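A.B. asks: could you look at this predicted model? Sequence included:
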Amino acid sequence: MQTTTRSMATPRKSLPLVRLILALGLLPSLALAGGQLTLPNLTGFPDDLPPGPIPGSVAVPQVAAQWDTRCLPLDYTLNTETLPNADPPLDVATTRQALDQALAAWTNIPTSFIEMGLGGELQRPRLGPFDYTVFDFINELNFLSGAEAFYVAISPATALFEDTVLNAGDDLDGDGDSDVFDPAVAGRQTCGDVDGDGDFEFPAGFYAAGTMLDNDVSFNNSVVWTTGSPDAIFGNFDLEAVAVHELGHSHGLSHSAINQFSATDGTSATMLPSIFSNDALGQEALRSPSSDDVAWSSFVYPEGSAASGVAALQAGDVAFDDVYGVIRGEVMQGELGLPLAGGSVYAVDEDSGEIVASHYTGEVQGLFIPDTGFFGYLPEFADFHLISGSYTLPVPAGDYHLAVEPLDGFPVSANSVSTAASVGLSLGLLSFNEAYFQKEPHGPGHPGGGGGLDKLKLRQVKVRAGSDVWDEDHTTAVEVNLDPFDTLGFGGFFDFDTVAFGSAQPGWLYAVEFPAAEILEVLESGFIPRSAAFRTYLAENSVPFVVASASMVRGIVDPSGGALLDLDDPLVEVADDPSQQDDDIFVGQDNDFSQLFFEKPAHLARDLRRAIDRDGVEHFFLVLELPDAFGGLQGFPFFIGADTGPELGLLGRSYVSVDGGAFFFRFDPFNFMFRLTFG
């Protein structure tokens with residue numbers, strides 16, 4: 001999770017230094033959009049900042065946080081005052097080994113010049129309940145956080161609010177000791193412990209806004225830490241995996257929204273803001289940065305981007321431009337006509353179907369009123385706050401499809417990703433459905449659209465190493481959702497009550513009924529069916545959610561409380577048939593709505609009308625069939641979202657079959673969260 005403490009003192013080029021403390025933590029997922037960290041940029045305050053919409057206010061843009069190359073490699077110090085809580089206890093050597101390996105996971109990326117290492121040790125006691133970090137120019141790794149903390153680990157960093165000139169002799173942390181030296185006198189141009197007092201000093205000179213000055217990582221010692229092979233014991237966390245995540249924040253990376261890469265890889269990005277203690281394979285995978293994590297570390301610190309110094313190519317390095325290209329574009333929120341802040345754009349490899357990289361959308365500016373000290377984002381000034389819906393995607397050379405999903409809490413909340421995403425949430429921009437970028441207009445109701453969509457045509461984006469692909473823009477569709485469950489909660493998608501069927505067996509089928517009258521009403525308004533969505537969830541995070549089939553069928557409701565479904569003649573079906581190597585499969589998502597995009601929307605609209613008008617069909621069903629076996633080390637069943645219906649009530653439109661679809665009985669305790677979308 002990301003929390004931010006702001007200090008909005010008047011910025012100057014001399015002390016007191018304006019700084020920002022960024023605190024980013026990893027949350028436990030106990031029951032159950034890549035990019036850079038950003039911060040306000042007050043450079044030029046007050047005269048050189050644009051005026052805001054309120055008299056006396058100014059506009060405050062955002063700037064990315066990262067280390068200056070003069071301070072690389074980063075040297076970390078282990079606080080041995082408290083060692084990791086473990087059974088048996090971890091000694092200093094074992095602790096250092098796990099942390100060394102975590103640091104090396106980032107340092108060893110061949111296309112990134114970030115370099116971090118573990119140096120000496122210190123003993124600093126905890127002086128209070130929240131004394132887990134201190135701004136002292138010692139990058140400290142400690143186990144001082146305790147039961148009062150809501151996180152598994154946290155990575156607070158101090159960074160510059162403004163472009164700053166540091167002068168020799170400046171005391172930045174207020175400890176009475178100089179933190180800046182004269183390079184000519186010291187005979188060096190890089191950060192280091194020049195005066196031998198145990199902390200590091202900066203060479204005098206110019207430093208851009210967003211430059212990180214100090215970083216500590218604090219691990220919560222009320223949990224149980226493990227090393228070696230991760231276990232699946234509830235409440236036990238792999239130290240190396242958690243350290244890799246936090247050290248991603250330590251060099252400027254934000255959280256990612258990728259919690260499942262493909263139909264064969266259910267693991268998540270290392271920078272996903274949650275960790276499952278009961279998933280041994282998932283924790284082990286987090287020890288190695290994923291493709292998304294590697295792409296962003298490489299983009300922020302591109303190897304081969306300088307002729308000398310840490311960014312210059314050395315033995316084992318690979319130039320960023322020899323591997324990666326960059327996709328750039330903008331996403332608009334079609335319903336509101338505003339730039340989209342808070343979307344997660346992700347790139348899917350066309351050949352493998354693997355998600356490769358992601359980035360959250362949106363460039364925003366804040367409102368600062370110096371006279372009152374107010375800094376924030378106000379809904380009534382949406383046009384002022386939203387600069388653009390831009391995104392940037394570093395990807396290896398190849399062919400890609402792009403898609404965008406809202407950071408609506410499933411699987412990641414906007415507030416845990418970026419300021420821009422949080423602004424998008426507060427402005428109501430996240431009430432859209434996940435969708436691919438398409439070649440054709442979305443159909444009636446889409447701005448600038450019109451005409452039907454005869455076939456789903458995904459846009460192909462070709463990327464060459466060392467080149468930028470510009471203007472891959474997208475506008476989210478204006479759609480109508482038929483939701484037989486509550487969506488009146490936070491963000492329009494957040495009223496998710498629970499998950500159902502922890503005792504489900506392989507081969508069970510779940511179905512939700514959609515009355516023909518409701519469908520006909522939407523068709524008559526000029527919309528056509530574009531997709532279905534199934535709220536799905538996994539207890540074991542590293543398992544891909546591959547179902548036996550997902551379909552839309554005709555059916556008959558039995559007055560006695562059951563239903564007969566025509567599974568043999570589906571209107572739409574995506575089925576996993578191992579005997580057919582080229583067969584399409586439907587992949588559910590982990591803690592999200594899983595989209596089934598209809599391949600021929602206009603044809604489906606025609607078939608629905610024909611079934612209603614000619615055949616007299618009164619009931620249609622969305623059906624999800626579980627596979628013949630559940631994967632993972634523990635074989636947990638796949639869950640579905642279940643709404644308890646406090647607003648809409650229990651609708652009696654959810655059904656279950658335990659006999660292979662011969663008969664569906666109505667399941668009244670919940671509304672299953674299946675959606676039918678028209679556009």
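C.D. replies: Perfect, thanks for sending it.

A.B. asks: from here on, just use CA atoms for contacts and neighbour counts.
C.D. replies: OK.

A.B. asks: hang on, residue 194 packs against residue 201?
C.D. replies: Yes - counting by C-alpha atoms under 8 Å, residue 201 is a contact partner of residue 194 at 6.4 Å.

A.B. asks: and the two? Which one has more around it.
C.D. replies: Applying other C-alpha atoms under 10 Å to residue 194 and residue 201 shows that residue 201 carries more neighbours, namely 27 against 19.

A.B. asks: what is the burial count for the residue nearest to that one when sequence neighbours are not counted?
C.D. replies: Leaving aside its chain neighbours, residue 201 sits nearest to residue 179 (4.7 Å; criterion: C-alpha to C-alpha, 6 or more residues apart in numbering). Here the count is done by other C-alpha under 10 Å, and residue 179 has 27 residues near it.

A.B. asks: got the phi/psi numbers for residue 179?
C.D. replies: In terms of degrees, to the nearest 10, the main-chain angles of residue 179 are phi -110, psi 0.

A.B. asks: so who does it touch?
C.D. replies: Taking C-alpha atoms under 8 Å, 6 or more residues apart in numbering, we find residue 179 in contact with 168-173, 200-202.

A.B. asks: make a ChimeraX selection of the buried ones in those residues.
C.D. replies: Only the buried entries of the contacts of residue 179 go into this ChimeraX selection, using 16 or more other C-alpha atoms under 10 Å:
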select :168,170,171,172,173,200,201,202
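
A.B. asks: any idea whether residue 649 is helix, strand or coil?
C.D. replies: Put simply, residue 649 is coil when judged by DSSP: H, G, I helix; E, B strand; the rest coil.

A.B. asks: on that earlier part again, hey, what's in contact with both of residue 194 and residue 201?
C.D. replies: residue 181.

A.B. asks: tell me where the stretch 351-500 of the chain has strands.
C.D. replies: Taking DSSP state E, counting those that start in this stretch, the strands of the stretch 351-500 of the chain run over residues 355-360, 363-369, 374-376, 386-388, 390-396, 398-406, 435-436, 461-463, 468-469, 474-475, 480-482, 498-500.

A.B. asks: tell me how this protein divides into domains.
C.D. replies: Here the domain assignment for the chain is 69-150+216-310, 323-478, 481-678, based on automatic domain parsing.

A.B. asks: from memory residue 232 sits against residue 283, does it?
C.D. replies: No - the pair residue 232 / residue 283 is not scored as a contact, 9.0 Å apart, by C-alpha under 8 Å.

A.B. asks: touching both of the two, which residues are there?
C.D. replies: residue 277.

A.B. asks: ok, the two, which is more surrounded?
C.D. replies: Neighbours per residue, other C-alpha under 10 Å: of residue 232 and residue 283, the larger number sits with residue 283, 28 against 20.

A.B. asks: for residue 244, see how far away the more buried one is.
C.D. replies: 11 Å (C-alpha to C-alpha, to the nearest Å).

A.B. asks: again with residue 352
C.D. replies: Per C-alpha to C-alpha, residue 352 is found 27 Å from residue 244.

A.B. asks: among these two, which residue is more densely surrounded?
C.D. replies: Relative neighbour count places residue 244 above the other of residue 352 and residue 244, with 26 against 11, counting by other C-alpha under 10 Å.

A.B. asks: where's that one, which helix or strand?
C.D. replies: helix 239-250 (DSSP states H and E).

A.B. asks: who does the next helix or strand after that helix pair with, and is each partner parallel or antiparallel?
C.D. replies: The helix or strand immediately downstream of helix 239-250 is strand 274-275, counting by DSSP H and E. Here strand 274-275 is paired, per DSSP bridges, with strand 19-28 (parallel).

A.B. asks: and the next helix or strand after the partner strand, how far from the chain's centre?
C.D. replies: Following strand 19-28 in sequence order, the next helix or strand is strand 38-40 (DSSP H and E). From the chain centre to the centre of strand 38-40 is a distance of 18 Å (C-alpha atoms, centre = their mean, to the nearest Å).

A.B. asks: elements contacting strand 38-40?
C.D. replies: strand 58-64 (3 or more C-alpha pairs under 8 Å, 6 or more residues apart in numbering; DSSP states H and E).

A.B. asks: what's the distance between residue 408 and residue 385?
C.D. replies: For residue 408, the distance to residue 385 equals 19 Å [C-alpha to C-alpha].

A.B. asks: could you do residue 633 as well?
C.D. replies: 47 Å.

A.B. asks: try residue 169
C.D. replies: 39 Å.

A.B. asks: ok, now residue 500?
C.D. replies: 40 Å.

A.B. asks: out of these two, which sits in the more crowded spot?
C.D. replies: Using other C-alpha under 10 Å as the criterion, residue 500 and residue 385 rank with residue 385 on top: 27 against 18.

A.B. asks: now do the contacts for that one.
C.D. replies: 364-367, 377.

A.B. asks: can you give me the pLDDT of it?
C.D. replies: Residue 385 is assigned 97 on the pLDDT scale.

A.B. asks: distance-wise, check it relative to residue 343.
C.D. replies: Per C-alpha to C-alpha, residue 385 is found 16 Å from residue 343.

A.B. asks: ok, residue 639 next?
C.D. replies: 25 Å.

A.B. asks: same deal with residue 435?
C.D. replies: Residue 435 is 11 Å from residue 343, by C-alpha to C-alpha.

A.B. asks: more neighbours, the two?
C.D. replies: Taking neighbours as other C-alpha under 10 Å, residue 435 and residue 343 compare with residue 343 leading, 33 against 19.

A.B. asks: dump stretch 654-669 to CSV, restricted to CA.
C.D. replies: Only the C-alpha atoms of stretch 654-669 are listed here, as CSV (Å, rounded to 0.1, in the frame of the first residue of the first chain):
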residue,chain,number,x,y,z
SER,A,654,-28.2,-17.7,-9.6
TYR,A,655,-27.9,-21.4,-10.3
VAL,A,656,-25.5,-24.3,-9.6
SER,A,657,-25.2,-27.7,-11.3
VAL,A,658,-23.3,-30.5,-9.6
ASP,A,659,-24.2,-33.2,-12.2
GLY,A,660,-22.4,-31.9,-15.3
GLY,A,661,-25.2,-29.6,-16.3
ALA,A,662,-28.1,-32.1,-16.4
PHE,A,663,-30.0,-29.9,-13.9
PHE,A,664,-29.3,-26.5,-12.3
PHE,A,665,-30.8,-25.7,-8.9
ARG,A,666,-31.4,-22.2,-7.8
PHE,A,667,-29.0,-20.9,-5.2
ASP,A,668,-30.7,-18.2,-3.2
PRO,A,669,-28.2,-17.2,-0.5
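
A.B. asks: only the buried residues of that stretch, if you could.
C.D. replies: Buried residues in stretch 654-669, counted by 16+ other C-alpha under 10 Å: 654-658, 661, 663-667.

A.B. asks: nearest to residue 549 among these?
C.D. replies: Checking those against residue 549 by C-alpha to C-alpha gives residue 661 as the nearest, at 12.0 Å.

A.B. asks: alright, that wraps it up for me.
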